[in-house]
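**Student:** Here is a sequence together with a model predicted from it:
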Amino acid sequence: MRTSSTILVVVILIAVIASAVFYYKDTEGPGIILSPTGGAVSSAKTLTVRLSDAASGIKTVQIDVIQGESRRQVLSQTLPDRPAERLVEIDLADLKLREGTLEIEVVAVDGSVYHFGAGNETSLRQGYLFDNRPPVVTVLSRNHNLNQGGSGLVAFEVSEDVDKVGVLMDEEFFPAYRQPTGEYLALFSYPHDVKPGKLVPKVLAVDAAGNERRAGFYFHVNSHRVNQTDINLSDNFLNRKMPDFQHLYPSEAEMLGIFLKVNRELRQANRQKLRTIAEQSSSAPLWDGAFLRQKGANREPFATKRTYKYKGEEVDRQTHLGVDIASVAHGPVNASNRGEVVYADDFGIYGQCVVIDHGLGLMSLYGHMSSIAVQVGEEVERGHEIGRTGMTGLAGGDHLHFGLLVSGRPVNPIEWWDHTWMKNNVESKLGLGRETL
């Protein structure tokens with residue numbers, strides 16, 4: 001009898017302990033992350049609520065928008081499947097909110113048996129400034145005469161601080177740089193392969209609340225003559241140059257196959273990397289006057305359309321986005337203008353290569369060099385020797401591949417060598433903010 005009583009007590013004690021463990025196993029409410037965590041919002045900006053509860057799952061969620069005495073319910077939901085995570089987007093567009101402050105309140109309850117089955121509750125209340133007015137853009141520069149494949153500079157002011165600002169050319173974005181006097185300067189380019197009139201550049205300004213303004217400005221685009229050339233690939237060239245790239249494509253056994261991958265894939269990867277390098281450009285114009293043209297003869301103009309042939313058959317087509325200049329073998333290469341070296345190393349199809357930042361997203365590129373005489377971070381002046389010409393990379397003979405880039409996009413360097421073009425299209429637009437203050 002005593003043994004049975006003892007067993008019963010033990011069983012009851014175990015049951016009580018197990019019930020207590022089960023009851024108290026989850027006493028914390030769901031996690032709530034509201035993004036953004038504050039600041040300005042608008043009808044154009046979607047807020048996100050991230051809920052999480054790994055232990056018991058999320059049972060209910062309610063979201064309200066509070067402005068003054070008004071409370072608008074955005075969401076009230078029961079989740080039968082008790083998800084461990086839940087992402088909710090808050091769209092303010094249809095709530096008819098007025099300008100000014102508001103609060104977002106989120107209340108979430110988990111599926112825990114704690115609180116006698118009611119679960120654990122977490123609430124979060126966050127304040128914001130509702131701003132539905134887009135920034136005002138005032139274009140300061142008047143004339144913007146462009147060439148296909150060429151550059152342009154627009155100066156403008158914006159009525160408030162912005163998160164994103166620059167020139168939008170179709171899907172291409174060229175960032176603007178704020179100057180000490182308050183105005184913005186944006187260098188941009190018109191594509192070499194798009195006919196005049198097909199694209200319309202716009203100044204784009206997006207404020208912290210997500211409001212967007214697109215402002216037009218006067219521009220004119222001149223067409224350019226298309227240059228074409230055939231390049232015959234010899235076995236001698238392939239056997240001499242492709243082993244340098246063989247480690248990048250070990251599955252390619254044929255030299256021609258390696259060349260095609262280099263000419264297509266590596267070329268594209270190099271161009272993409274130039275856009276990344278452009279992100280570190282100085283916000284101030286570093287150049288001084290027209291750019292220096294290297295000594296030598298132009299072997300091929302900008303945007304020449306190349307047709308590559310092997311044993312008489314066409315194998316590839318590419319556009320050469322630079323200017324090839326040939327002088328003497330291992331001739332001096334000089335910085336085209338004042339700036340800071342941002343790249344000095346081997347660079348794919350360009351071989352030994354130097355890239356100099358001239359500010360506002362403008363950079364110069366020097367490719368196929370045999371030697372480099374500068375380092376990253378070094379400041380150089382116009383005419384400073386930075387290395388020697390060569391035939392590294394994808395070059396078939398000793399020459400300099402010279403390129404100018406605006407936010408990583410290649411542009412025609414000839415414009416920047418021209419003192420008159422520089423005066424009319426660039427220098428006349430610098431400092432317009434000071435004149436209007």
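**Tutor:** In hand now; what should we look at? Computed from a predicted model, the values in this text were never measured in an experiment.
**Student:** Next, please give the residue ranges for the strands of the stretch 201-350 of the chain.
**Tutor:** Listed in chain order, the strands found in the stretch 201-350 of the chain under DSSP state E, counting those that start in this stretch are 202-207, 212-215, 220-222, 228-233, 297-300, 304-310, 313-320, 323-326, 332-334, 339-346.
**Student:** Who are the packing partners of the second one?
**Tutor:** Using 3 or more CB pairs under 8 Å, 6 or more residues apart in numbering; DSSP states H and E as the contact criterion, the elements in contact with strand 212-215 are strand 137-139, strand 202-207. Every C-beta, even on glycine, is put in place using the N, C-alpha and C of the backbone.
**Student:** Which secondary structure element of this protein has the lowest mean pLDDT?
**Tutor:** Lowest by mean pLDDT, DSSP states H and E among the helices and strands of the chain is helix 432-436, with a mean of 55.
**Student:** so where do the strands sit in the stretch 1-150 of the chain?
**Tutor:** Residue ranges of the strands in the stretch 1-150 of the chain, as given by DSSP E, counting those that start in this stretch, are 31-35, 40-41, 47-52, 58-67, 70-78, 85-90, 100-110, 121-130, 137-139, 145-147.
**Student:** Go through the ones you listed and name the closest to residue 261.
**Tutor:** Distances from residue 261 to each of these were compared using CB to CB; the minimum, 32.9 Å, belongs to strand 145-147.
**Student:** Pairing partners for the next helix or strand after the closest one, with directions?
**Tutor:** Scanning forward in sequence from strand 145-147, with DSSP states H and E defining helices and strands, the next element found is strand 151-158. Strands flanking strand 151-158 in the sheet, each with its direction: strand 137-139 (antiparallel), strand 184-189 (antiparallel) (DSSP bridges).
**Student:** Could you single out the most deeply buried of these?
**Tutor:** strand 184-189 (a mean of 26; mean count of other CB atoms under 10 Å).
**Student:** can I see the domain layout of the protein?
**Tutor:** Under the assignment automatic domain parsing, the domains of the chain span 25-130, 137-223+429-436, 228-411.
**Student:** For residue 117, grab the count of nearby residues.
**Tutor:** Counted with other CB atoms under 10 Å, residues neighbouring residue 117 total 9.
**Student:** now the domains of the chain in JSON lines, with distance to residue 5?
**Tutor:** Supplementary listing: the domains of the chain in JSON lines, determined by distance: least, CB to CB, whole Å:
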{"stretch": "domain 25-130", "distance to residue 5": "30"}
{"stretch": "domain 137-223+429-436", "distance to residue 5": "72"}
{"stretch": "domain 228-411", "distance to residue 5": "79"}
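**Student:** just to revisit the earlier point, most neighbours per residue, which of the strands of the stretch 1-150 of the chain?
**Tutor:** strand 40-41 (a mean of 22).
**Student:** now stretch 265-275: mean pLDDT?
**Tutor:** The predicted model gives stretch 265-275 an average pLDDT of 97.
**Student:** end to end, how far does stretch 106-125 reach?
**Tutor:** Between the opening and closing residues of stretch 106-125 there is a gap of 6 Å (CA to CA, to the nearest Å).
**Student:** now do stretch 160-174
**Tutor:** 19 Å.
**Student:** And stretch 344-356, by the same measure?
**Tutor:** Its first and final residues considered, stretch 344-356 spans 9 Å by CA to CA.
**Student:** Mean confidence (pLDDT) on that stretch, please.
**Tutor:** Averaged across stretch 344-356, pLDDT comes to 98.
**Student:** Any idea how far it is from the middle of the chain?
**Tutor:** Its chain's C-alpha centre and that of stretch 344-356 lie 21 Å apart, by CA atoms, centre = their mean, to the nearest Å.
**Student:** Which positions in it come out as buried?
**Tutor:** When burial is assessed from 16 or more other CB atoms under 10 Å, stretch 344-356 yields the following buried residues: 344, 347-356.
**Student:** Pipe these into TSV and attach distance to residue 294 per row.
**Tutor:** Putting these into TSV (distance: CB to CB, whole Å) gives the following:
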residue	distance to residue 294
344	17
347	18
348	21
349	19
350	15
351	16
352	16
353	15
354	12
355	15
356	13
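**Student:** right, and out of those residues, which lies closest to residue 59?
**Tutor:** The shortest separation between residue 59 and any of the buried residues of stretch 344-356 is 55.4 Å, and it belongs to residue 348 (by CB to CB).
**Student:** Distance check, the closest one against residue 356.
**Tutor:** When CB to CB, to the nearest Å is the yardstick, residue 348 and residue 356 sit 18 Å from each other.
**Student:** now do residue 345
**Tutor:** Shown here: residue 345 relative to residue 356, a distance of 14 Å by CB to CB.
**Student:** for residue 60, same thing?
**Tutor:** Counting by CB to CB - residue 60 and residue 356 are separated by 60 Å.
**Student:** wait, what's in contact with residue 275?
**Tutor:** Applying CB atoms under 8 Å, 6 or more residues apart in numbering, one finds that residue 275 lies in contact with 407-409.
**Student:** mind running it again at 10 Å?
**Tutor:** Residues near residue 275 by CB atoms under 10 Å, 6 or more residues apart in numbering: 405, 407-409.
**Student:** These: which two are farthest apart?
**Tutor:** By the measure CB to CB, 405 and 407 form the most distant pair in the contacts of residue 275, at 7.4 Å.
**Student:** Name the residues contacting each of these two.
**Tutor:** Residues touching both residue 405 and residue 407 (CB under 10 Å, 6+ apart) are 187, 189, 274-275, 278, 281, 361-363.
**Student:** For residue 43, which residues are in contact?
**Tutor:** Applying CB under 10 Å, 6+ apart as the definition, the contact partners of residue 43 turn out to be 91-97, 130-132, 209-211.
**Student:** Turn the strands of the stretch 1-150 of the chain into JSON lines, including distance to residue 294.
**Tutor:** Converted to JSON lines, the strands of the stretch 1-150 of the chain look like this (distance: least, CB to CB, whole Å):
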{"stretch": "strand 31-35", "distance to residue 294": "51"}
{"stretch": "strand 40-41", "distance to residue 294": "49"}
{"stretch": "strand 47-52", "distance to residue 294": "52"}
{"stretch": "strand 58-67", "distance to residue 294": "62"}
{"stretch": "strand 70-78", "distance to residue 294": "62"}
{"stretch": "strand 85-90", "distance to residue 294": "54"}
{"stretch": "strand 100-110", "distance to residue 294": "59"}
{"stretch": "strand 121-130", "distance to residue 294": "54"}
{"stretch": "strand 137-139", "distance to residue 294": "35"}
{"stretch": "strand 145-147", "distance to residue 294": "21"}
